[in-house]
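Trainee: Generate a structure from the sequence data that follows.
(one chain, ligands or ions: 1)
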Amino acid sequence: MSLLMEQLSETVSFIRSQYANTPLVGIVLGSGLGNLVAEMTVEKEIPYHQLPHFPVSTVEGHSGKLIFGELLGKKVLVMAGRFHYYEGYSASEVSYPIRVMKLLGVETLLLSNAAGGMNTRFAVGDLMIINDHISLFAVNPLIGKNEKELGPRFPDMSEPYNRSLIARARTIASSLNIPVHEGVYVGVTGPTFETRAEYKMLHTLGADAVGMSTVQEVIVARHMDIQVFAISVITDLGIREEENIITHEEVLQAASEAEPKLTAIFKQLVQVI
Ligand code: HPA
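Mentor: Okay, the predicted model is just below:
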């Protein structure tokens, strides 16, 4: 067995020794977006630092634990706090928890993130369902020996974000009267926010929003044939001519203000999965 498969198997055995149920839906909550947990019946929490081979999260706004439980009768596994490439983790460390999710039984992954808007129709606090992504500068987590047990050497990426989940989320959002955009997310490394010229370039390349997460997790999930749904909360606008100073505090503030909309959509989506 390869080192990666051995480590995964140790992480999974440890979790199984603490929690017996099988979660079918995995949820990754982005910066300032942790409140979905308040809607869950929590059955077990395991801080990342207790998990063998798990990286430890260091960013403000990320609490750093796996939360197992039920949301509207469905067994879910929530990652409260994720790992970012800009923290110094390797691409395979960033996506390690997604592999653990798969081996625990997860079939569907819901992700959220905070992102900078570049589409001129976007405003701070809007939600954007991600319908495709561009991976820019972020190292592909599948580089290296392919683990056949996890997925193919050359995974198809023609539908990274499941169309049927997008359609269902749109129906849910409209029934809740929550306006949503749909668009392309470009994943960059950070940790700097973009320069004016970079925002302009990323928009020209075809992206509607930019962020520092998600893409590597989605690649690993698709490698293992997990179906994926993701939403960005637009926390700042990269295309303003004036007052375009962007701070982490502003991002967290905008994320937490928009969070109830995101939580409502995720909740109902989990119910119909
Ligand atoms: N750029 C990159 N990542 C981000 C941004 C941004 O403007 N906002 C939130 N995450």
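
Trainee: Residue 5 in helix, strand or coil?
Mentor: Of the three states, residue 5 takes helix under DSSP: H, G, I helix; E, B strand; the rest coil.

Trainee: For it, the count of nearby residues, please.
Mentor: Per other C-beta atoms under 10 Å, the neighbour tally for residue 5 reads 14. All C-beta spots, glycine's among them, are computed from the backbone N, C-alpha and C.

Trainee: Show the pLDDT at it.
Mentor: Looking at residue 5, its pLDDT reads 92.

Trainee: Name all residues that make contact with it.
Mentor: Residue 5 sits next to 147, 149 when contact means C-beta atoms under 8 Å, 6 or more residues apart in numbering.

Trainee: and if you look at residue 131?
Mentor: Here residue 131 is in contact with 161, 166, 182-184 (criterion: C-beta under 8 Å, 6+ apart).

Trainee: Before we go further, it is sitting in a helix, right?
Mentor: No: counting by three-state DSSP, one finds residue 131 to be strand, located in no helix.

Trainee: That one and the ligand, how far apart?
Mentor: Distance of residue 131 to the ligand, given as C-beta to the nearest ligand atom, to the nearest Å: 19 Å.

Trainee: Might you list the low-confidence residue ranges for the stretch 151-273 of the chain?
Mentor: 240-244 (pLDDT under 70).

Trainee: So which residues on it come close to the ligand?
Mentor: Residues of the stretch 151-273 of the chain found near the ligand (C-beta under 6 Å from any ligand atom) are 190, 193-194, 210-212, 235-236, 238, 246, 251.

Trainee: Next, check those residues against the helices and list the overlap.
Mentor: Among those, the residues falling in helices (DSSP state H) are residue 251.

Trainee: possible to save the residues of the stretch 151-273 of the chain next to the ligand as CSV with distance to residue 270 and neighbour count?
Mentor: Below are those laid out as CSV (distance: C-beta to C-beta, whole Å; neighbours: other C-beta atoms under 10 Å):
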residue, distance to residue 270, neighbour count
190, 29, 17
193, 32, 19
194, 33, 19
210, 27, 26
211, 22, 26
212, 25, 24
235, 23, 29
236, 28, 19
238, 31, 23
246, 32, 18
251, 25, 23
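
Trainee: Throw the residues of the stretch 151-273 of the chain next to the ligand into CSV and include distance to residue 127, thanks.
Mentor: Formatted as CSV, these follow (distance: C-beta to C-beta, whole Å):
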residue, distance to residue 127
190, 21
193, 20
194, 21
210, 15
211, 13
212, 18
235, 11
236, 14
238, 17
246, 19
251, 15
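
Trainee: with the residues of the stretch 151-273 of the chain next to the ligand in mind, which one is nearest to residue 142?
Mentor: Set against residue 142, the nearest of those by C-beta to C-beta is residue 212 (19.3 Å).

Trainee: ok, and the closest non-adjacent residue to that closest one?
Mentor: The shortest distance from residue 212 to any residue other than its chain neighbours is 3.6 Å, reached at residue 190 (C-beta to C-beta, 6 or more residues apart in numbering).
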